[in-house]
Structures are given as C-alpha cells and as structure tokens.
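In: Sequence below, structure please.
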Amino acid sequence: MSERDLIGYGEHPPAVPWPGGAKVAVSVVLNYEEGAESSIAHGDEADEDISVFGGWSSPPERRSMMKESFFEYGSRAGVWRLLGILREFEVPSTVFACGMALERNPQVAEALIREGHEVACHGYRWQGTVGMPEEDEREEIRRARESVEKTTGVRPVGFYLRDGITEKTREILVEEGFRYDSNAYCDDLPYFVPAGESEHLIVPYAGDTNDARFWGPGSLGTADDFVAVLSDSLDMLLHEGNTVPKLMSVGLHCRIGGRPGVAIALRRFLQYALAQEGVWFATRADIAQWWIDHAPRGAR
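Out: Just a heads-up that it's a prediction; the model follows:
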C-alpha cells in the first residue's frame, strides 16, 4: 500500500517562475459529463441519483426524465455559454471530458478543438476505477482515451476521474502515455510521484474554487459569492507569488456553471483577473509541460 505524503514541499516550496514572470498560473476547467452519467435511458440499472433544488431527489431505480433534463441543460445550453465567455476573453481552458459525452454531442468536440481548448480524459463514463482489477482498469483507461481521441482528433495527455483512482492508476497512465493527472487536491503547485519504475506529474485540482459548491445544499448562493471566492483566492496567491509562484484552478460544470446566474461570475472573474499583473491563463497541459521542463530536481 502506498504511503501518504503529509509533508509535500513543506515550508519552502520551489520557486518556479511561470512564463513571462507570472506569479499565478490560472487553470480554468470545464467538466463535460452530460450524457455519460448513469442513466436508465442509456441502458443502466439506475439513474444518477444527484440531489437538485437543494435536496430534491428521485428513486434512482426509476427513470426520471425531469432529472435527465438537468444534465441535458449542460450539453444543450450551458457548454455554449461557457465557451462563449472564454472566447470573449480569449482564455484557454482544459476540458475534463467523458468519452461517451463527446460521442453523444460531436458538435462540442469539434468546438473544443477549433477554439484551442485542451481536452483531458475524464473517463469513458462519469465514474471512477476504484475497486477495478488492474486489467479492467487498464482497459477502461484505454477505452476512454481512444474515444476522446476519435471524437476530437487529438490524443489526450491529461487525466481526471470523478470517483477516484486506484494505487495502480498512475503506473498505467505512464504506460499509456499520459503526461499528468489531476486526481489530487493537496497542493497549490504541481508535484511528481513515483509510478512503477517512472515518475508521474500531478497537477492538483481544487474543490473550493469550484461551482460544485452551488449544487444540492452547497455553500454558495449567488454569483457574487463565487466571484468573491475566486478573486480572494487569486489575490492571496498573487501575494504569495511574489516569492513562490503558485497554481490556481477554477472548476466549472456545464449544467451548473453554465447557468446564467453562475456563468456571469466567470465573466466578472475573468475581467478582474485579466486586469491584474502576473496572471497566466493556461491549459493544464501547458502548465504540466512547463513544470516538467523548468522545475528543479528538488521539485521531483
């Protein structure tokens, strides 16, 4: 069993300047999952049992067309609103995309590549690999990668799963040619971990600067709440970035962040962030490659 690392970089993390001397690398992440969730309509035994309206739910063993429509908002409307905002501000994003979701909406796959976004592998279905035997996990990872590559024409180099990974996942990712994964929430900088006989890069994700906090009972109620969290996070990281440049993730889900009253928070935050000195908006693939090329050996 792998040992937990509760120390990381410790008191003195490596100071790795981002391009142009930027103090914070900001990674905007769109999660494109709609159509890959558990669904009786797609032949699954149960519907995805996700609470909406602050607590409403329905029996997962019974098909709920109304609940399906909450997911469908993301693929029908939300994704286009978010992509429009990113286009307006000329900000690239990384899209954690499920293979099945892109297969069911090839227009989205085409738009992501056309507009210069990175498409990272978010599994074939919206699920994890915890509990899978190694060979089943390897097949699942390959299936997801091949699906994303087929719909986009680009082989993904990044990886992130909804419900977590196994102790073998990262070794498999190295063998399958992935550059990084984001199944970690434990740092404000990328870091390397052992993976079999090799090493593997982690580009950490974040749950606080994430629109998932609007979902169900949540902890955010308005766009202003979200803007405050995002802007305050950036301000703190810019301050720290005077000595140690940092990484910030902004997580969005098309069926949540794509809603008008949440999407406007993205517009306001981008307006704010682009007016600050020392901010580099980048895809996670670019962040990963920069770290691979420039991090000192002590950051490995």
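In: Compute the number of surrounding residues for the nearest residue to H253 once chain neighbours are set aside.
Out: Spatial nearest neighbour of H253, excluding adjacent residues (CB to CB, 6 or more residues apart in numbering): N31 at 4.6 Å. Placement of C-beta: from N, CA and C, glycine included. Counted with other CB atoms under 10 Å, residues neighbouring N31 total 26.
In: Pull out the buried residues from the helix or strand N31 falls within.
Out: According to DSSP states H and E, N31 maps onto strand 24-32. Neighbour counts over strand 24-32 (16 or more other CB atoms under 10 Å) mark V24, A25, V26, S27, V28, V29, L30, N31, Y32 as buried.
In: Starting from it, tell me which strands it pairs with and how they run.
Out: strand 93-97 (parallel), strand 246-253 (parallel), strand 279-281 (parallel) (DSSP bridges).
In: Average pLDDT for the last one, rounded please.
Out: Strand 279-281 shows a mean pLDDT of 98 in the predicted model.
In: Now the element after it, going C-ward?
Out: That would be, after strand 279-281 and using DSSP H and E, helix 284-294.
In: ranges for the strands of the protein?
Out: 24-32, 93-97, 118-121, 158-159, 180-181, 191-195, 198-202, 246-253, 279-281 (DSSP state E).
In: how about the ones you listed, which one is nearest T209?
Out: strand 246-253 (5.4 Å; CB to CB).
In: Keeping just the C-alphas, turn that closest one into CSV.
Out: Taking Å, rounded to 0.1, in the frame of the first residue of the first chain, the C-alpha atoms of strand 246-253 are listed here in CSV:
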residue,chain,number,x,y,z
LYS,A,246,1.5,29.4,-7.5
LEU,A,247,-1.2,27.5,-9.3
MET,A,248,-5.0,28.2,-9.1
SER,A,249,-7.8,26.0,-10.5
VAL,A,250,-11.3,27.2,-11.4
GLY,A,251,-13.7,24.3,-11.8
LEU,A,252,-16.9,24.6,-13.8
HIS,A,253,-19.6,22.1,-14.7
